[in-house]
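Peer 1: predicted model and sequence below, questions to follow.
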Amino acid sequence: MTTVNELSRTAAAPWAARGPVFSQPGLARPAAGATPHDLDRLRASHARGRPGKPLVPTGVASPRLGDELFARLLAYGTPHETHRGDVLFRPGDEDVDLIVVDRGSVEVVRTETAGAPAATVATVDVGGFVGELNLLTGQNVYLLCRVREGGRVYRVSPERLRQLMANDVELSDIVFKALIARRELLQRSTAALAVEIVGADRSAAALALRTYAARQRLIHLWFDADTPAGRAMMESFGLTEDDLPAVVMPGTTLTQATPGGLADKLGLSYRRSSAKPADVTIVGAGPAGLAAAVYGASEGLDTVLLDAVSTGGQAAASSRIENYLGFPFGLSGADLTGLAVLQALKFGAQLASPCQAVKLDTDRNGDLLRLHLQGGEVIDSKAVVIATGARYRALPLERWPDFEGAGIYYAATELEARGCAGSPVTVVGGANSAGQAALYLAGRGSEVSLVVRGPDIATEMSAYLVDRLLAHPRVTVLCRSEVTRLDGGDFLEEVTITDRTAGTAQAQPCAGLFCFIGAEPATSWLTGIATGDDGFIRTDVQLTDNDLGPAWTTLGRRPLPFETSIPAVFAVGDVHSGSMKRVAAATGEGASAIASVHKAIAALA
Ligand SMILES: Cc1cc2nc3c(=O)[nH]c(=O)nc-3n(C[C@H](O)[C@H](O)[C@H](O)COP(=O)(O)OP(=O)(O)OC[C@H]3O[C@@H](n4cnc5c(N)ncnc54)[C@H](O)[C@@H]3O)c2cc1C
């Protein structure tokens, strides 16, 4: 048996436009193009120019399985005889199978749309398999898979794929890496365009969409409406400025698009494939929730993880985390949490975002807790982990809400910094997050005013950051100072900084105000749960007898580590009273809480 699907000749430049993406040279030919030439060329250059290093070597996209491993893979599937032209899945299908080719061959095709011609994305022959990361994320397919040459395929259902991932380390390693590598290849290819976003570079709505797409690792391209490519896109799809931001997908165009609308179209909103209650539902997918999901799913719990915005939490807003154990050169929060998402998916956790929890019924319905979601759906589960972190504080200034996302940001990553590179910016706050942001922005060529209310920058900030900030030629530290006024049109253009010692106020140009002045616990959706005066949730030894109602007398036990005043409801990470507000602490709490979840569930049985 031979495996003949392999990386195309484009391996030297694997993201070449319109080539087959993971198939043998010569087997697949792109269909003749009718797309307007300019737009096609611009798309290709956008795709090639995508930043970032592949997570896994792209060569692993088309693994060659030996006979014994291939037989093990087939054992997870059910055989189906195929005939030329049979369709194995089509755009819009949900919960598709991994398709393993035992005899014959199949092809994966992007069907023709108004804006782009049909294109062959891959051909897969004997010994290969069809599938990419959406097999694990649950995203519906946007490509068509049909039989080229009749024979036999084995279909591995999503449930069987999860079993494979859990039970066969060797095989799961190969399959999982291939799924990731394919996603990476597809992200850099124009042959498999799935999502194209067009909008104004500095619009808050466009930023929300792009942040969502980036954190979900969606195969997408971004077009700034003020560039030739953006204008060509708008013309090609008949879009006006009022339609922006818009998302163009095969067969659909979303105007005034939101992350929620996009998630619905892609099948990434919450949907439960099984009628069974979950073992554990985790609310909030920052480091604490992600750690709980990885440990819960890897230890055999049926695990659901939800986030109101998108995976990653506050940590994904950090351009560089330098104090996370084992990463002496630091890493970006988006990389750290992005890898954690893949890990949770690998172990079979079900992820959904944007998906906001709006209420938790504290009266147990039998052995179950009921969580209500914004769209009206409910999730029943044996245990709930609250990992909703904290929400950023804002300054009480006129026009603040107008500029949120349009010049005012609560994160300093590539996405936010791009619109301000080289222009003057203001960072507000005296803790490490503000210091990191100031250095990052200064490193991107901006003159940075770091505005600190207190008398001394060293009061709350780590010494290593203080030294670097004071030595940086493009950073000006303004202590005992406050931002007191905002000005601009659609976007922030100017801030006024008042020096409280001198009693002077000075207006200065500002392309971006980055605000890091702390956060409030995200608990407004919860009632009947014991919190401290500051609203953070108390757990285990922080709870007094007065906090524990009759339910505990019936249970005949005290709260377990991280358990709240409601049995089988746990709180971890920044939302937890007295937490350290650090990534490592949040992940430690999320992982540790799972030990308590096991005990609480066992006590119910
Ligand atoms: C810019 C910045 C830089 C930082 N740098 C560092 C650093 O270098 N080192 C370090 O150790 N720490 C750093 N931190 C702190 C660190 O990021 C946090 O301590 C950590 O992210 C807390 O994790 P968490 O999972 O508890 O909460 P969060 O990361 O806040 O995640 C909570 C999640 O819950 C979701 N959520 C809220 N309400 C709901 C709801 N009702 N339904 C569903 N979902 C909901 C939110 O959308 C969010 O995604 C930084 C923070 C920021 C903002």
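Peer 2: Structure's in. What do you need?
Peer 1: interface residues of the chain facing the ligand?
Peer 2: Contact residues (C-beta under 6 Å from any ligand atom) of the chain with the ligand: 283-289, 306-309, 313-315, 317-318, 321, 323, 356-357, 387-390, 411, 433, 436, 516, 522, 525, 573-574, 581-584, 586. C-beta: built from backbone N, CA, C; applies to glycine.
Peer 1: just the ones in strands from those residues, please.
Peer 2: Among those, the members found in strands (DSSP state E) are 283, 306, 357, 390.
Peer 1: top of those by neighbour count?
Peer 2: When neighbours are taken as other C-beta atoms under 10 Å, the top entry among these is residue 283 (29 neighbours).
Peer 1: quick one: that one and residue 304 touch, right?
Peer 2: No - using C-beta atoms under 8 Å, residue 283 is not in contact with residue 304, being 9.3 Å away.
Peer 1: still on that earlier bit, out of the ones in strands among the residues of the chain next to the ligand, which one has the weakest pLDDT?
Peer 2: Within the set of these, pLDDT is lowest for residue 390 (90).
Peer 1: and the gap between that one and residue 84?
Peer 2: Between residue 390 and residue 84 the computed distance is 58 Å (C-beta to C-beta, to the nearest Å).
Peer 1: pull the distance from the longest helix anywhere in the chain to the chain's centre.
Peer 2: The residue-count maximum for a helix in the chain (DSSP state H) belongs to helix 583-604. Helix 583-604 has its C-alpha centroid displaced from the chain centroid by 23 Å (C-alpha atoms, centre = their mean, to the nearest Å).
Peer 1: residues contacting residue 295?
Peer 2: For residue 295, the contact set (C-beta atoms under 8 Å, 6 or more residues apart in numbering) comprises 590, 591, 594.
Peer 1: so who does the last one touch?
Peer 2: Taking C-beta under 8 Å, 6+ apart as the criterion, residue 594 is in contact with 280, 292, 295, 296, 299, 301.
Peer 1: by neighbours, which of the residues you listed wins?
Peer 2: That'd be residue 292 among those, by other C-beta under 10 Å, with 36 neighbours.
Peer 1: that one belongs to a helix?
Peer 2: Yes - if the criterion is DSSP: H, G, I helix; E, B strand; the rest coil, then residue 292 is within a helix.
Peer 1: now whichever residue of the stretch 51-200 of the chain sits closest to the ligand. Nearest residue, chain neighbours left out?
Peer 2: Evaluated by C-beta to the nearest ligand atom, the stretch 51-200 of the chain has residue 137 as its residue closest to the ligand, separated by 16.9 Å. Leaving aside its chain neighbours, residue 137 sits nearest to residue 345 (6.2 Å; criterion: C-beta to C-beta, 6 or more residues apart in numbering).
Peer 1: what is the neighbour count of that neighbour?
Peer 2: Per other C-beta under 10 Å, the neighbour tally for residue 345 reads 25.
Peer 1: what about it, helix or strand, and which?
Peer 2: Per DSSP states H and E, residue 345 falls inside helix 333-346.
Peer 1: flag every buried residue along that helix.
Peer 2: Neighbour counts over helix 333-346 (16 or more other C-beta atoms under 10 Å) mark 333-338, 340-346 as buried.
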